[in-house]
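J.: Below are the sequence and a predicted model for it; my questions follow.
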Amino acid sequence: MGKDISRIIEGWEYRPDQISVRKIMGDDGREKIQMRLDLGLLQMATKGRPDGKRPHGKESLLEHYLALARKNDDFVLDSEDCLELQREAIQYYYRYLSLFELEEYEGVVRDTERNLRVFDFVAKYALHEKDKWAFEQYRPYVIMMNTRAKGLISLRNKDYSKALKQIEEGIKRIEAFFEEYDRADLVEECAEVELLKKWAEEITKRRPLTRKEKLERMLQEAVNNEEFEKAAKLRDRIRGLDKR
């Protein structure tokens, strides 16, 4: 079998202005994700560790280190350990970017939450602050991607209120990150917070009104037109909804 990948990427042009991904069936009969790069492609498993490996017999290197930490009260991560965990986290990063492009948001939630677990683990056990920051600096971005995926799942189900609540929670988590480092002043400059706020505004503008909101709008119109009997009936209907 030839090793030249030209045939594999033939007709699939690389575009620097967008993320190009696709799903294919591997020779092993399992579904794979491919991401087009300038000089070729990345191929990833859809579940487990993206490269398909099982380091030390575990699903991931993180799971291996978690097991060691549970057995050893003196467990620490040196710089080499952190570098290996970072390389693994990058694999999951490429996969959740691909899954986001494929609109498979449940997988994005899974992989972003997994990488946030890595950040927490390194923050707890790394010997050196520089190694902790190598992960922590990306926390706002990963929270933002996690929030977007959760919100899009809710919007797919037409649950606008839940989506807005998830966005609010995501913003609070990012704000808490800056507060933890005594840099709350940077929240207003945070691109991730700005993106989530603008998205919440867009959802608020285009979401359909609830039955209660429609009645409240009709009530305001009745009051403005001095239709007091109509207004009283509308208030009763609104109270009836509140009691349910």
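T.: Sure thing, it's come through. Numbers count the residues shown, from 1 in each chain.
J.: Which residue ranges make up each domain of the chain?
T.: Partitioning the chain according to automatic domain parsing yields domains covering residues 44-208, 212-242.
J.: which one of these is the most hemmed in?
T.: Most buried of those, by mean neighbour count (mean count of other Cβ atoms under 10 Å): domain 44-208, with a mean of 17. The C-beta positions use only the backbone N, C-alpha and C, and glycine is treated the same way.
J.: For that domain, measure first residue to last.
T.: According to Cα to Cα, to the nearest Å, domain 44-208 extends 39 Å from its N-terminal end residue to its C-terminal end residue.
J.: one step back: with respect to Glu31, which of the domains of the chain lies nearest?
T.: Each of the domains of the chain was checked against Glu31 via Cβ to Cβ, and the shortest separation belongs to domain 44-208, namely 5.2 Å.
J.: Looking at that closest one now, give me its mean pLDDT.
T.: When the per-residue pLDDT values of domain 44-208 are averaged, the result is 96.
J.: same for the longest helix anywhere in the chain, what does it pack against?
T.: Secondary structure of the chain per DSSP state H: the longest helix is helix 79-101. Here helix 79-101 is seen to pack against strand 21-25, strand 31-37, strand 40-45, helix 61-71, helix 105-125, helix 129-136, helix 139-156 when contacts are counted using 3 or more Cβ pairs under 8 Å, 6 or more residues apart in numbering; DSSP states H and E.
J.: Any chance of TSV for those, columns distance to Arg207?
T.: What follows is these, written out as TSV (distance: least, Cβ to Cβ, whole Å):
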stretch	distance to Arg207
strand 21-25	29
strand 31-37	32
strand 40-45	35
helix 61-71	38
helix 105-125	18
helix 129-136	34
helix 139-156	9
